[in-house]
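J.: Structure for this input, please:
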Amino acid sequence: MLLSTNGLIIRQQSIGEADRVVSVLTRDRGVIRAFANGARRVKNKNMAATSLFSYSRLTLFHGRDKYTINDAESIQVFFDLRRDVERLSLSQYFCELCLCLAPQEEEAEAFLRLTLNCLHLLCVGKHPLSQIKAVYELRMLGMAGYMPDLVACSGCGAYESDVMFLSLLDGTLHCGRCQEHAPVSPALMLVKSVLAAMRHILYADLGKVFSFTLPDEAMKSLGSIVERFLLSQLDRSFQTLDFYHTVSLDP
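T.: Residues are numbered from 1 along each chain as shown. This next block holds a predicted model:
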């Protein structure tokens with residue numbers, strides 16, 4: 001069966017002498033794995049459009065148990081990501097996170113839209129990398145079913161206090177008073193500005209998700225909290241994240 005779709009190449013692997021197998025984040029089928037025969041040959045028409053970070057229009061043959069790319073045409077190639085090792089490594093982490101969280105064989109428009117937007121922002125350089133990273137991690141978690149409950153304190157219902165505490169185990173929120181009586185578990189302290197930013201990231205319209213600012217120290221705190229929450233919820237590490245930290249310019 002032939003089908004057409006648009007998708008972002010989020011992983012590429014070499015097989016055989018000139019072939020390539022790619023993982024593609026598509027709008028209507030989520031993450032799929034497809035074979036691109038001969039795509040590593042320099043003169044192959046599908047070489048560029050099946051490369052990592054290429055957003056492409058794909059014509060696929062869907063067999064009984066695999067996809068094969070018949071034709072690929074680049075819509076956008078995020079080439080500028082390769083000019084800076086820090087941005088490149090962060091983009092590779094986003095792709096690995098996408099492979100972990102995005103659905104397979106089902107609609108994934110929001111995942112694709114967020115990923116394309118974040119790669120674009122990494123290219124243009126108008127937002128701090130720490131902000132782009134925190135937004136991508138937290139919004140992806142929310143869309144994938146790991147959304148923390150940041151509406152109010154789960155104990156007394158308070159919307160805010162001077163400090164709130166986020167449980168790393170179940171993603172619930174406690175005010176300072178309720179935290180004293182909460183079951184003993186790892187929790188992160190959130191100041192008002194960081195909590196407001198996290199609420200915005202999770203609950204704002206996707207087109208407005210970057211419409212917030214924080215002072216440098218608060219942005220650093222946001223990044224640390226979101227990353228710790230993500231790693232706790234997923235209970236795994238990411239090699240690309242580890243590498244990003246080795247090249248990151250953030251102290």
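J.: Counting neighbours, what do you get for M47?
T.: By other C-beta atoms under 10 Å, 18 other residues sit near M47. Quick note: C-beta positions are derived from backbone N, CA and C, even for glycine.
J.: residue contacts, it?
T.: Each residue near M47 by C-beta atoms under 8 Å, 6 or more residues apart in numbering is listed here: 39-41.
J.: what's the answer for T115, then?
T.: By C-beta under 8 Å, 6+ apart, the neighbours of T115 are 8, 10, 25, 94, 98, 136.
J.: Mind checking which of these land in helices?
T.: Taking DSSP state H as the definition of helices, the contacts of T115 contribute 94, 98, 136.
J.: Quick one: the residues you listed as TSV, columns for neighbour count, distance to R57 and pLDDT too.
T.: Listed next are those as TSV, based on neighbours: other C-beta atoms under 10 Å; distance: C-beta to C-beta, whole Å; pLDDT from 0 to 100:
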residue	neighbour count	distance to R57	pLDDT
F94	25	21	99
C98	24	19	98
Y136	26	24	99
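J.: Is it correct that R57 falls within a strand?
T.: Yes - checked against DSSP: H, G, I helix; E, B strand; the rest coil, R57 lies within a strand.
J.: Not including adjacent chain positions, what is the nearest residue to it?
T.: E73 (4.6 Å; C-beta to C-beta, 6 or more residues apart in numbering).
J.: Equivalent analysis for M189, please.
T.: Nearest residue to M189 in three dimensions, chain neighbours excluded: V163, at 5.3 Å (C-beta to C-beta, 6+ apart).
J.: rewinding a little: among the contacts of M47, name the buried ones.
T.: 39-40 (16 or more other C-beta atoms under 10 Å).
J.: Let me know the closest of the contacts of M47 to C178.
T.: Nearest to C178 among the contacts of M47 is A39, at 56.2 Å by C-beta to C-beta.
J.: Show me the beta-bridge partners of the closest residue to the closest one other than its chain neighbours.
T.: Nearest in space to A39, with sequence neighbours left out and distances taken as C-beta to C-beta, 6+ apart, is R20 at 4.2 Å. Beta-bridge partners of R20, counted by DSSP bridges, are S14, A36.
J.: got it, and the one 4 residues further on?
T.: In this entry, V24 is beta-bridged to I9, I32, by DSSP bridges.
J.: pLDDT wise, what is it at?
T.: pLDDT recorded at V24 is 98.
J.: Would you confirm that it contacts A34?
T.: Yes - between V24 and A34 there is a contact at 5.9 Å, judged by C-beta atoms under 8 Å.
J.: max-length helix in this structure?
T.: helix 216-234.
J.: pLDDT (mean, whole number) over it?
T.: Helix 216-234 comes out at a mean pLDDT of 98.
J.: buried ones in whichever helix or strand comes after it?
T.: Later in the chain than helix 216-234, the nearest helix or strand by DSSP states H and E is helix 239-247. Under the neighbour-count criterion of 16+ other C-beta under 10 Å, helix 239-247 has 240-241, 243-244 buried.
J.: now the contacts of M47 as TSV including distance to S232, pLDDT and secondary structure?
T.: Shown next, in TSV, are the contacts of M47 (distance: C-beta to C-beta, whole Å; pLDDT from 0 to 100; DSSP: H, G, I helix; E, B strand; the rest coil):
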residue	distance to S232	pLDDT	secondary structure
A39	38	86	coil
R40	39	90	coil
R41	44	90	coil
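J.: If we only consider the contacts of M47, which is nearest to A182?
T.: Using C-beta to C-beta, those come closest to A182 at A39, 53.7 Å.
J.: which other residues reach the longest helix of the chain?
T.: Under C-beta under 8 Å, 6+ apart, the answer for helix 216-234 is 100, 128, 130-131, 133-134, 137-138, 141, 146, 148, 166, 168-169, 171, 186, 188, 190-191, 193-194, 197-198, 214, 237, 241, 250.
J.: Also stretch 17-24?
T.: Contacts to stretch 17-24, defined as C-beta under 8 Å, 6+ apart, come from residues 7-15, 31-41, 44, 50, 58, 69, 99.
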